[in-house]
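Visitor: kindly return the folded structure for what I paste below:
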Amino acid sequence: MEKGYFALVLHGHLPFVRHPEFEDFLEEDWFYEATTETYIPLILVFERLLNDGVNFKLTLSLSPTLLSMFLDGLLQERYIKHIDKLIELSHKEIERTRWQNDFQQLAIMYLNKFITAKETFLRYHKNLANAFKAFQDRGNLEIITSGATHGYFPLMDVCRPSVRAQVKVAVSNYESFFGKKPLGIWLPECAYNPGDDEILKEAGIKYFLTDAHGILHGVPRPKYGVFAPVYCKKTGVACFGRDLESSKQVWSSIEGYPGDYFYREFYRDIGFDLEYDYIKPYIHPDGTRINTGIKYFRITGSTNNKEPYIPSLAMEKTAGHAGNFMFNREKQVEYLYDFMGKKPIIVSPYDAELFGHWWFEGPMWLDFLIRKINYDQKTIRMITPSGYLAENRRNQVTTPSMSSWGWKGYSEVWLQGSNDWIYRHLHKASERMTELVKSNSQANGLVKRALNQALRELLLAQSSDWAFIMATGTHVSYAQKRTKEHLLRFSRLYEDIKSNSLDEGWLSDIEYKDNIFPEIDYRVHQ
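Guide: This next block holds a predicted model:
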């Protein structure tokens with residue numbers, strides 16, 4: 001007898017990185033890598049499942065910035081150039097490793113992988129959002145949204161119009177492509193601030209996800225913990241909390257599956273391992289070594305000694321880990337069902353890039369897991385959050401607590417010594433945006449364009465990714481540069497609008513560079 005539900009939720013997100021002013025820009029590789037290593041493999045998994053008649057229910061958030069990058073013609077053409085270079089490099093690697101059979105077989109594997117990636121990309125007319133929309137239209141995938149630029153809501157609370165703009169622009173962006181409003185939202189960084197649900201309700205959002213302690217520390221404390229959603233007291237918007245046990249089994253490189261010694265080693269890439277003159281045409285034009293995605297070694301152990309990667313052994317491990325995960329969820333659900341007296345829901349949210357990019361075997365693990373849940377057990381059923389709410393309309397009413405995921409769970413990653421300087425500037429810009437809206441409620445022509453661009457620049461400056469990057473110490477100069485650039489552009493627009501001295505040439509230039517949200521309406525910031 002079915003005793004519970006399993007909701008697998010993947011968060012697809014990247015900051016908006018698009019630099020038409022440069023022919024080759026290093027940080028744009030984040031998008032190309034994610035496309036090849038995560039999003040195309042996920043599409044291929046879903047296609048195989050459907051072709052084999054395997055029914056599945058899965059939830060995927062596509063942040064507005066990622067969705068906009070999927071839709072961008074410049075990035076689409078640049079991705080083709082990127083994947084063509086990897087195909088060329090793979091051919092060279094097959095020749096270079098002709099006397100090293102283990103490595104040559106891997107080079108052939110990568111060649112096939114890159115060719116398949118290109119074919120898939122072209123099959124969906126260079127727009128992978130088309131693929132995910134098709135899965136949603138078939139009823140297998142529930143696509144939800146996130147903040148417009150992944151702004152960190154709890155630290156924007158002093159300027160509520162900015163939180164409202166993040167949500168409303170996100171919903172509008174989703175609706176323009178999918179033809180309907182999103183049912184749910186992945187709050188950026190799973191960060192909830194009491195009262196944000198009022199803005200979500202205004203926008204038509206039915207549910208959101210947060211970390212476990214956001215529900216567990218709610219008032220009153222929920223009877224069923226994170227194993228049933230709660231309704232926010234004032235609004236009735238549903239809140240689903242992360243199950244810590246199932247999450248750790250997958251995302252932890254130390255305690256979880258990705259750290260298995262037979263899995264591929266992420267940090268050994270030929271972009272760094274091979275001689276400079278050989279690899280130079282395939283790294284950044286300025287000579288900076290980068291990951292190519294071609295990696296020949298398995299984790300092996302905790303030392304620098306690494307053995308060659310063996311795909312067949314990794315596949316065996318992946319199947320075993322999928323079976324182990326399913327078994328653990330069965331036992332977890334059986335215990336909770338007896339304890340709760342009702343069917344629990346296990347909500348397991350992960351960053352999508354864990355699957356394929358960081359954990360090479362992740363998409364294969366998903367494939368095995370979904371098939372096993374379909375055929376090898378009858379205790380749990382995959383479901384989406386909206387599907388659960390449709391079947392279980394009665395849920396406890398409470399007020400979730402302020403929370404986030406990340407270190408310590410209360411914003412510390414996004415507010416500490418390396419990045420705390422940004423917030424006084426973001427808050428001042430938010431106040432000025434509200435001022436501009438109030439004093440230009442019916443703008444037209446050039447002024448309207450400038451006001452819309454001012455809101456774009458503010459939203460881009462608010463991205464939580466910049467503060468996160470500053471905190472982690474990677475690409476810090478780029479994160480600082482992006483924050484400052486968007487704030488400076490906003491400030492100039494503010495001053496030029498106030499003084500009626502707009503420079504149309506300059507405005508056109510930044511509209512071209514920061515072209516996200518073409519249908520934006522500045523008046524949502526109020």
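Visitor: for the rest of this, base every contact and every neighbour count on C-alpha atoms.
Guide: Fine.
Visitor: grab the nearest non-local neighbour of His213.
Guide: When the adjacent residues along the chain are set aside, His213 lies closest to Ser403, with 6.8 Å between them (CA to CA, 6 or more residues apart in numbering).
Visitor: so how far is Ile40 from that neighbour?
Guide: Per CA to CA, to the nearest Å, Ser403 is found 32 Å from Ile40.
Visitor: picking that back up, what number of residues lie near the residue nearest to His213?
Guide: By other CA atoms under 10 Å, the residues close to Ser403 number 24.
Visitor: swap in the one 10 residues further on?
Guide: By other CA under 10 Å, the residues close to Val413 number 23.
Visitor: ok, it to Trp407 distance?
Guide: 6 Å.
Visitor: which of the residues in the longest helix along the chain are buried?
Guide: In the chain, ranked by residue count with DSSP state H as the criterion, the top helix is helix 311-340. Across helix 311-340, burial judged by 16 or more other CA atoms under 10 Å covers 311, 314-315, 317-319, 321-323, 325-327, 329-330, 332-334, 336-337.
Visitor: ok now that helix, how far from the chain's centre?
Guide: Averaging C-alpha positions (CA atoms, centre = their mean, to the nearest Å) puts helix 311-340 25 Å from its chain's average.
Visitor: following it, which helix or strand shows up next?
Guide: For helix 311-340, the succeeding helix or strand toward the C-terminus, using DSSP states H and E, is strand 345-351.
Visitor: for Tyr282, give me its contacts.
Guide: Applying CA atoms under 8 Å, 6 or more residues apart in numbering to Tyr282 gives the contacts Lys85, Leu86, Leu89, Gly271, Thr292.
Visitor: quick one: those as CSV, columns for neighbour count, pLDDT and distance to Asp514 too.
Guide: Conversion of those to CSV gives the following (neighbours: other CA atoms under 10 Å; pLDDT from 0 to 100; distance: CA to CA, whole Å):
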residue, neighbour count, pLDDT, distance to Asp514
Lys85, 17, 97, 27
Leu86, 19, 98, 28
Leu89, 21, 98, 32
Gly271, 21, 97, 30
Thr292, 19, 97, 27
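Visitor: the residues you listed: which two are farthest apart?
Guide: Maximum pairwise distance in these, criterion CA to CA, is 12.9 Å, between Lys85 and Gly271.
Visitor: which strand is the longest one in this structure?
Guide: Determined from DSSP state E, the single longest strand within the chain is strand 4-12.
Visitor: so which elements touch it?
Guide: Judged by 3 or more CA pairs under 8 Å, 6 or more residues apart in numbering; DSSP states H and E, strand 4-12 is in contact with strand 58-62, helix 311-340, strand 345-351, strand 380-382.
Visitor: now these as CSV including mean pLDDT?
Guide: Converted to CSV, the helices and strands packed on strand 4-12 look like this (pLDDT from 0 to 100):
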stretch, mean pLDDT
strand 58-62, 98
helix 311-340, 97
strand 345-351, 97
strand 380-382, 98
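Visitor: let me have those in TSV, extended by distance to Glu435.
Guide: Shown next, in TSV, are these (distance: least, CA to CA, whole Å):
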stretch	distance to Glu435
strand 58-62	31
helix 311-340	51
strand 345-351	36
strand 380-382	47
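Visitor: I'd like to know which of the ones you listed lies nearest to Ala461.
Guide: Using CA to CA, those put strand 58-62 closest to Ala461, at 19.5 Å.
Visitor: what strands line up against the closest one, and which way round?
Guide: Strand 58-62 has these partner strands in its sheet, going by DSSP bridges: strand 4-12 (parallel), strand 141-146 (parallel).
Visitor: which of these is buried the deepest?
Guide: Most buried of the strands paired with strand 58-62 by mean neighbour count (mean count of other CA atoms under 10 Å) is strand 141-146; its value is a mean of 26.
Visitor: returning to what we had before: which one of the contacts of Tyr282 sits closest to Glu255?
Guide: Nearest to Glu255 among the contacts of Tyr282 is Thr292, at 27.5 Å by CA to CA.
Visitor: is the closest one part of a helix or strand, or is it coil?
Guide: At Thr292, secondary structure determined by DSSP: H, G, I helix; E, B strand; the rest coil is coil.
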